[in-house]
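Student: need coordinates for the following:
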Amino acid sequence: MNRVTGLLFSIALGVLFGSFVLPMLGDLAQPAVASPRPVATAEGFDADEQRNITVFSETAPSVVYIVTKQTVSGFFATQEAAGEGSGFMWDEAGHIVTNFHVINGANSLVVTLHDRSQYDARVIGGSPENDIAVLKIDAPASKLRAIKIGTSSDLQVGQKVFAIGNPFGFDYTMTTGIVSAIGRSIVGIAGNKIDEVIQTDAAINPGNSGGPLLDSSGRLIGMNTSIFAPGAKQSSGIGFAVPVDIINRVVPDIVAFGQVRRPQLGVTLVDSEENGRIASLLYQIRKEGVMVRNVTSGAGAERAGIVGFRQAGNRTLLGDVITEIDGEPVRTRWDLFKILQNKQAGDAVKVKFLRFSARDYEEREAEVTLSMPPA
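Tutor: So this is what the prediction gives:
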């Protein structure tokens, strides 16, 4: 290529660069102009959404987050295991209600309130048979908002419910659902049946235990307690809540006395080690019941003539076997517990029982006046 040809080629290349490449580079150098999209006007919440919002805003300040620590001894060392659960404020004195299984065995308890403030809690008492426990914190009255109490005896399958709690540690989570069934029975931490339990499909997961189940008025109708999740630990759409009618019956006793003071017949029953022998005896005579070991002096059972184990010369006679109270069969101590927890001190109940002699037994009936154990 000679000098003239090279010059002409350079000029042509310059024209091409100036005509096509430089404008393209200029476009790239200019920043893109981007503006936020205009915000559409909200149409407001519908009635259902507004109800959800209201229930949460009014109830969340009454819900608490509970962290427990428990000393666990292993083969090589002792360590602390942490657990968590939910609860709700019972009154303005700082009493908090939760599940007994949430706090069972804990060495320390820390309660977090809605404003994120934390307080050490102490256990006032509980009812393992109902999976209910009461804690207490010392916090300013301004931070303590008691939950609204409803009823559970009038619940209807299909009515809307709300659960608030701390599933998997995600505090103050609300889920919604319906009452799926009523009158269910579940096994409590004490090994007994808890009856009249509420079934719901509102999502309940680990950490929800002890939290409130609410109706659409934001009233407490139950305490979320357990889930049915075969082979898994997360919600399967079947959760259970202890009904508020039980809670409202036993919590005042726990607050006042540290335990539930149930009306009593005035008897103690044979312990679990003897149950097998007694069950075998009753099986032989085709009867079911609970055997009395001792009768409390002066109690209604003694006045009615019911007896426990006693001596006849060098032989020990068996105690009476209670088979029925007010027409309801008594097959286990839990049947007796369930019947009596719905009675009041001073009530007179008809007790059917078996009286064993040396070679036989006879069926008897007596009227027993219930009384309260000493405070």
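Student: check what pLDDT Asp27 gets.
Tutor: Per-residue pLDDT puts Asp27 at 56.
Student: whoops, I mixed them up, Thr54
Tutor: Note on Thr54: pLDDT of 95.
Student: would you agree it falls within a helix?
Tutor: Yes. Checked against DSSP: H, G, I helix; E, B strand; the rest coil, Thr54 lies within a helix.
Student: let's number from 10 now, not from 1
Tutor: Sure, I'll start counting at 10 from here, so that last one is Thr63.
Student: can I take it that Val258 is in a strand?
Tutor: No Val there; residue 258 is Arg. No. According to three-state DSSP, Arg258 belongs to no strand; its state is helix.
Student: tell me the SS of Trp343?
Tutor: helix.
Student: list the contacts of it.
Tutor: 138, 201-202 (Cβ atoms under 8 Å, 6 or more residues apart in numbering). Yep, even glycine has a C-beta here, placed from its N, CA and C like the rest.
Student: most neighbours, which of the residues you listed?
Tutor: Highest neighbour count within these, by other Cβ atoms under 10 Å: Glu138, with 22 neighbours.
Student: my read: it touches Gly200, true?
Tutor: No. In this structure Glu138 lies outside contact range of Gly200 using Cβ atoms under 8 Å: 9.0 Å.
Student: doesn't Ile348 belong to a helix?
Tutor: Yes. Remark: Ile348 belongs to a helix, assigned using three-state DSSP.
Student: what is the neighbour count of it?
Tutor: Neighbours of Ile348 (other Cβ under 10 Å): 18.
Student: just list the residues touching it, thanks.
Tutor: 334-335, 337, 339 are the contacts of Ile348 under Cβ under 8 Å, 6+ apart.
Student: recalculate using a threshold of 10 Å.
Tutor: 272, 333-339, 358 (Cβ atoms under 10 Å, 6 or more residues apart in numbering).
Student: same check on Ser380?
Tutor: Residues near Ser380 by Cβ under 10 Å, 6+ apart: 272-275, 305, 307-310, 312, 354-356.
Student: after the helix or strand hosting Glu205, which helix or strand is next?
Tutor: Using DSSP states H and E, the element containing Glu205 is strand 202-209. Counting by DSSP H and E, the element after strand 202-209 in chain order, helix or strand, is strand 221-223.
Student: the stretch 60-209 of the chain: helices as residue ranges?
Tutor: 109-112 (DSSP state H, counting those that start in this stretch).
Student: please parse the protein into its domains.
Tutor: The chain breaks down into these domains under automatic domain parsing: 71-152, 169-266, 276-378.
Student: most packed of those domains?
Tutor: Comparing the domains of the chain by mean neighbour count (mean count of other Cβ atoms under 10 Å), domain 169-266 comes out on top with a mean of 20.
Student: centre of the chain versus it, how much separation?
Tutor: Relative to its chain's centre, domain 169-266 lies at 5 Å (Cα atoms, centre = their mean, to the nearest Å).
Student: and the end-to-end length of that domain?
Tutor: 35 Å (Cα to Cα, to the nearest Å).
Student: hmm, back to that, so which of the domains of the chain is nearest Ala51?
Tutor: When the domains of the chain are compared by Cβ to Cβ, domain 169-266 sits nearest Ala51, at 21.2 Å.
Student: on that earlier part again, next, the angle from the strand holding Glu205 to helix 342-349.
Tutor: Inter-element angle recorded for strand 202-209 and helix 342-349: 70 degrees (by axes from the mean of the first three to the mean of the last three Cα atoms, to 10 degrees).
Student: for strand 202-209, what does the pLDDT average out to?
Tutor: 91.
Student: just checking, what packs against that strand?
Tutor: Judged by 3 or more Cβ pairs under 10 Å, 6 or more residues apart in numbering; DSSP states H and E, strand 202-209 is in contact with strand 169-174, strand 182-196, strand 229-236, strand 248-252, helix 253-266, helix 342-349.
Student: what sits against the spatially most central residue of the chain?
Tutor: Taking Cα atoms, centre = their mean, the centroid of the chain lies closest to Thr234, which sits 2.8 Å from it. Neighbouring residues of Thr234 by Cβ under 10 Å, 6+ apart: 108-111, 139-141, 195, 197-198, 203, 206-207, 213, 217-220, 222, 248-251.
Student: using CSV, list the CA coordinates for the strand holding Glu205.
Tutor: C-alpha atoms of strand 202-209 as CSV (Å, rounded to 0.1, in the frame of the first residue of the first chain):
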residue,chain,number,x,y,z
LYS,A,202,-56.9,-37.8,78.6
ILE,A,203,-57.8,-34.1,78.2
ASP,A,204,-61.4,-34.0,77.0
GLU,A,205,-63.4,-31.4,75.1
VAL,A,206,-60.3,-30.2,73.2
ILE,A,207,-60.7,-27.9,70.2
GLN,A,208,-59.4,-29.0,66.9
THR,A,209,-58.3,-26.3,64.4
